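Novice: I'd like to go over a predicted model; first the sequence, then the structure.
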There are 2 protein chains.
Amino acid sequence: MRAEIVGVGTEILLGQICNDNAQWMSQKLAEIGWDVLFHQAVGDNLGRITDILRVALSRADVVLVTGGLGPTQDDITREGIAAALGARLVREPEIERFLRKRFAAFGRVMPESNLQQADVPEGGRYFVPKRGTAPGLAFERADGVRLYAVAGVPSEMREMMDEHILPEMAALSGPAALVSSTVRVAGMSESKVAEVLDDLYRGSANPSIAYLAGGGETKVRITAKAASRPEAEALIDPVAEEVRARLGEHAYTTDDETLEQVVARLLKASAMTVACAESLTGGSLGVRLSWAPGSSSSFLGSAVCYTTESKRSILGVSQSTIEEYGVVSEQCALEMACGARRLFGASVALSLTGVAGPEEHGGKPVGMVCVGLCGEDVEEARTFRAPGDREMVRRWAEQAALDLLRRHLAGLPVPAQLGPATGTAD
Amino acid sequence: MRAEIVGVGTEILLGQICNDNAQWMSQKLAEIGWDVLFHQAVGDNLGRITDILRVALSRADVVLVTGGLGPTQDDITREGIAAALGARLVREPEIERFLRKRFAAFGRVMPESNLQQADVPEGGRYFVPKRGTAPGLAFERADGVRLYAVAGVPSEMREMMDEHILPEMAALSGPAALVSSTVRVAGMSESKVAEVLDDLYRGSANPSIAYLAGGGETKVRITAKAASRPEAEALIDPVAEEVRARLGEHAYTTDDETLEQVVARLLKASAMTVACAESLTGGSLGVRLSWAPGSSSSFLGSAVCYTTESKRSILGVSQSTIEEYGVVSEQCALEMACGARRLFGASVALSLTGVAGPEEHGGKPVGMVCVGLCGEDVEEARTFRAPGDREMVRRWAEQAALDLLRRHLAGLPVPAQLGPATGTAD
């Protein structure tokens, strides 16, 4: 079954917002076995909306439209849909009552212009929303082709999709499933991953293998299509197992977890607590460790010491280390980690110091990062050079620290090289 | 002049990545006076790529294509372009030499399959890249319609756009400019902003006014189209001034700066330093204050104290405050801020404590946030309730703390209510 996603809104074409509704919808549709063949985006222009909806209706089984269903004069998706379907708009009394009630609940008088939200293409259906005021619209043509329209506000769009549209579309596609399993890899470049998996990549069509690099790691996605979810999983499982085996301890999850989720799980299992000492990351390692709900059982805190003075006074880094090695050094990283462990009374502590850029610092080049770990009987530090801009250097630093902690908690050896592996051409 | 943006890549249609290249390109094209009328995205399928390129070439003056120019077998954009233009592909010796050299520089042997990157539609031009290995392509049809194609990797796409394509397109559109000015607003809901500006919104077509809410703030974008940039600016300036005047001290910039940029500027101007004490944000306030290059001259650090014990031992919050008011209280926020100020020796310090959720904490509801500021002769604290999930609560907390600091540095009064204003229906 083929779907097409149409985003309406001049703000998309002006680049004021990213059309990430299309991404979210695409993911959800893939999960229930639909092929999305096209995305389109168009501005708030009746003629052009009508034109591209006609094109979409001519080549898809279901057309999904987002945006332009609001109460203001530039919300004209309803008119475009009516024109493309050749149906007139009729006012639905139930929606009108809902709108008046919703406004009354907020103690406000409804502008009469809002009533356009009660209009539905004749012969179509509608879904009264829990959030916002824009009902979802559904229409089935005589030839079976369907069109659904929902608001562009992401939370409202998701409500309509999850509660009404995806269940209907899943029923249409029947027992068919496109299932993905994602192996995530730390400390290994995309090109190295691709080299190790080359024959699997070439030899396998269903499941297919795809690589995605970004955020300081590489994802390997294995996707299978079958009549049912169990059948798709049976296709995926042996390939995922082979992928994981070849990537060894670099593969930190086969379940699309983030590195911080894996670390949180390992911390919980070992009833250990963690603290950090951060410099170049400004607090972002703490943000990642505290991201998951319930993280307060293992994450105690982070001493973000951006200045040399605070590294000395708060973390107890020695003057001699600073003078001899500088603040961007493995020696300083170790003293920072051990200082944070003492300060917070944690089982284990991580540290990061480095040069985020854009300028070098104390003779150390941009991208140089030192990561440290201090536990009860263990002290480890590594140095690497991260590519990219300030944001990327910070991200690589976080990944290296989290990976160091993962290896420590899982009892894995720490390789000589942490962070981005060498040999990346890009 | 009308442009259309076509993204190629099955990963877009599977929702594995967001098509944010289209957003970036749209912004840049708007700045040089081009109207983008459509975005399209299509998978790695030769027939469908060819079809939508034909449609795009039939209705736009310039078609911009991204993605599918890599060296692997699923990179087939070149073939689709050749088919849509009715031109054959010819191998360019200069690109071939460049490719061999690039591989040799990395000490690697080039797979012969990579040579497809040296193919160019006959009669077209190409741009040799600085990053990556994919040359940009340019083609002008006899009727003057142009097509440009660039790699999908964002950094490579941007290089080609900035260095070659945007200058050429700016020359085509001549002295025409679409200019935007953005007023950003803290501590005022979108609906309140819209109410205050309603007659301006309705009364103005060029410049036009648009609202965009998100990330704990509201943006008001004023966009004018004119024959030249100065003429567009002359249309914008009086409207922007009126918008700023009506929004008063809630309008923190008319120059599309972020709140942390404004704060960094004010800190620099007053030669003051800042430190933080964070709980629910886990370090993200420090991340925002240390975001800009050169922030180390004003940002000293942040004590992320996630546990009650670390608030006591590191920040010196008193046992009596904890027992009497709890850790989510203005009293605790003030003691945290003053503790951080002492600890880092900062001119001024900010603090955040609250309940990010998903569960309430110590009888305090999800979304409750207390923000504190401690300076030489000043202590301020406020409490508010933030809407949304864990991520949104954190974002509102950061915004409130940064806005409190901005007001302190600018000598503005601190209103009784900080954070999200009441009266938002959504």
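Specialist: Everything's here; your move.
Novice: got a list of contacts for the helix or strand of chain A with the lowest mean pLDDT?
Specialist: For chain A, scoring each helix and strand by mean pLDDT, DSSP states H and E identifies strand A:208-214 as the least confident one, at a mean of 81. Outside strand A:208-214, the residues within contact range by CB atoms under 8 Å, 6 or more residues apart in numbering or on different chains are A:189-190, A:193-194, A:197, A:200-201, A:218-224, A:239, A:243, B:11, B:16-17. For the C-beta atoms, the positions are set from N, CA and C on the backbone; glycine is no exception.
Novice: Can you get me a residue count around A:Gly345?
Specialist: 14 (other CB atoms under 10 Å in any protein chain shown).
Novice: Please report how far it lies from chain B.
Specialist: As for A:Gly345, its distance to chain B is 7 Å (criterion: CB to the nearest CB, to the nearest Å).
Novice: for that residue, what are its contacts?
Specialist: When the contact criterion is CB under 8 Å, 6+ apart, the partners of A:Gly345 are A:273, A:300, B:309.
Novice: Separate out the buried members of these.
Specialist: Among these, those scoring as buried are A:273, A:300 (criterion: 16 or more other CB atoms under 10 Å in any protein chain shown).
Novice: Grab the nearest non-local neighbour of A:Gly216.
Specialist: Sequence neighbours aside, A:Gln399 is the residue nearest to A:Gly216 in space, at 3.7 Å (criterion: CB to CB, 6 or more residues apart in numbering or on different chains).
Novice: mind giving me the domain split of chain A?
Specialist: Under the assignment automatic domain parsing, the domains of chain A span A:2-173, A:178-253, A:259-410.
Novice: Which among those is found nearest to B:Thr182?
Specialist: With CB to CB, the closest approach to B:Thr182 among the domains of chain A belongs to domain A:2-173: 9.3 Å.
Novice: quick one on the thing from earlier: what residues of the least confident helix or strand of chain A count as buried?
Specialist: A:208-213.
Novice: Give the partner strands of the next helix or strand after that strand in its sheet and their orientations.
Specialist: The helix or strand immediately downstream of strand A:208-214 is strand A:217-226, counting by DSSP states H and E. Strand A:217-226 sits in its sheet next to strand A:177-185 (antiparallel), strand A:208-214 (antiparallel), going by DSSP bridges.
Novice: Any residues of the stretch 1-150 of chain A in contact with chain B? List them.
Specialist: Within reach of chain B by CB under 8 Å from any CB of the partner chain, the stretch 1-150 of chain A has these residues: A:7, A:11-20, A:22-30, A:35-43, A:48, A:52, A:55, A:106, A:108, A:131-132.
Novice: Could you rerun that using 7 Å?
Specialist: Residues of the stretch 1-150 of chain A lying close to chain B (CB under 7 Å from any CB of the partner chain) are A:11-16, A:18-20, A:23-24, A:26-27, A:30, A:36-43, A:48, A:106, A:132.
Novice: and if you look at the stretch 151-300 of chain A?
Specialist: Counting by CB under 7 Å from any CB, the residues of the stretch 151-300 of chain A that sit close to chain B are A:210, A:212, A:221, A:282-284, A:286-287, A:290, A:293, A:296, A:299-300.
Novice: Just give me the least confident of those.
Specialist: Across these, no position has a lower pLDDT than A:Leu212, which has 78.
Novice: Please, which helix or strand holds the residue lying farthest from the centre of chain A?
Specialist: Computed with CA atoms, centre = their mean, the maximum C-alpha offset from the centroid of chain A is found at A:Ser320, amounting to 43.4 Å. Here A:Ser320 is covered by helix A:319-325, with elements defined by DSSP H and E.
Novice: which other residues reach that helix?
Specialist: Residues outside helix A:319-325 that contact it (CB atoms under 7 Å, 6 or more residues apart in numbering or on different chains): A:308, A:312, A:331-332, A:335.
Novice: Make CSV from these and add distance to chain B, neighbour count and secondary structure to it.
Specialist: Listed next are the contacts of helix A:319-325 as CSV, based on distance: CB to the nearest CB, whole Å; neighbours: other CB atoms under 10 Å in any protein chain shown; DSSP: H, G, I helix; E, B strand; the rest coil:
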residue, distance to chain B, neighbour count, secondary structure
A:Thr308, 10, 17, helix
A:Arg312, 12, 18, helix
A:Gln331, 20, 19, helix
A:Cys332, 15, 27, helix
A:Glu335, 16, 27, helix
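Novice: From B:Ala118, how far off is A:Leu285?
Specialist: Between A:Leu285 and B:Ala118 the distance is 44 Å, computed by CB to CB, to the nearest Å.
Novice: Looking only at neighbour counts, state which of those two leads.
Specialist: Neighbour tally, A:Leu285 and B:Ala118, criterion other CB under 10 Å: the higher count belongs to A:Leu285, 32 against 21.
Novice: pretty sure the more buried one is touching A:Ser279, no?
Specialist: No. No contact is recorded between A:Leu285 and A:Ser279 when judged using CB atoms under 7 Å, the distance being 10.2 Å.
Novice: Check A:Asp255 and give its pLDDT.
Specialist: The predicted structure scores A:Asp255 at 83 on the pLDDT scale.
Novice: Can you read off the backbone torsions of it?
Specialist: Summarising the backbone geometry of A:Asp255 under the convention degrees, to the nearest 10, its torsions are phi -120, psi 20.
Novice: Look up how far A:Lys219 lies from it.
Specialist: Applying CB to CB, the value for A:Asp255 to A:Lys219 is 12 Å.
Novice: and these two? which has more neighbours close in?
Specialist: A:Lys219 (19 against 11).
Novice: need the contact list for the more buried one.
Specialist: Contact partners of A:Lys219, counting by CB under 7 Å, 6+ apart, are A:182, A:184, A:212.
Novice: what sits opposite the last one in the beta ladder?
Specialist: What it means is A:Leu212. Beta-bridge partners, per DSSP bridges, of A:Leu212: A:Lys219.
Novice: Around the closest residue to A:Ala240 other than its chain neighbours, count how many other residues there are.
Specialist: Spatial nearest neighbour of A:Ala240, excluding adjacent residues (CB to CB, 6+ apart): A:Ser181 at 4.9 Å. Applying other CB under 10 Å, we find 21 other residues in the vicinity of A:Ser181.
Novice: pLDDT score for A:Ser181?
Specialist: You'll see A:Ser181 listed with a pLDDT of 89.
Novice: Under the pLDDT cut-off, which ranges of the stretch 51-200 of chain A? List them.
Specialist: Counting by pLDDT under 70, the stretch 51-200 of chain A contains low-confidence ranges at A:106, A:175.
Novice: Over to the stretch 251-400 of chain A?
Specialist: For the stretch 251-400 of chain A, no range has pLDDT under 70.
Novice: where do the helices sit along it?
Specialist: Using DSSP state H, counting those that start in this stretch, the helices of the stretch 251-400 of chain A run over A:259-270, A:284-289, A:308-313, A:319-325, A:330-344, A:390-410.
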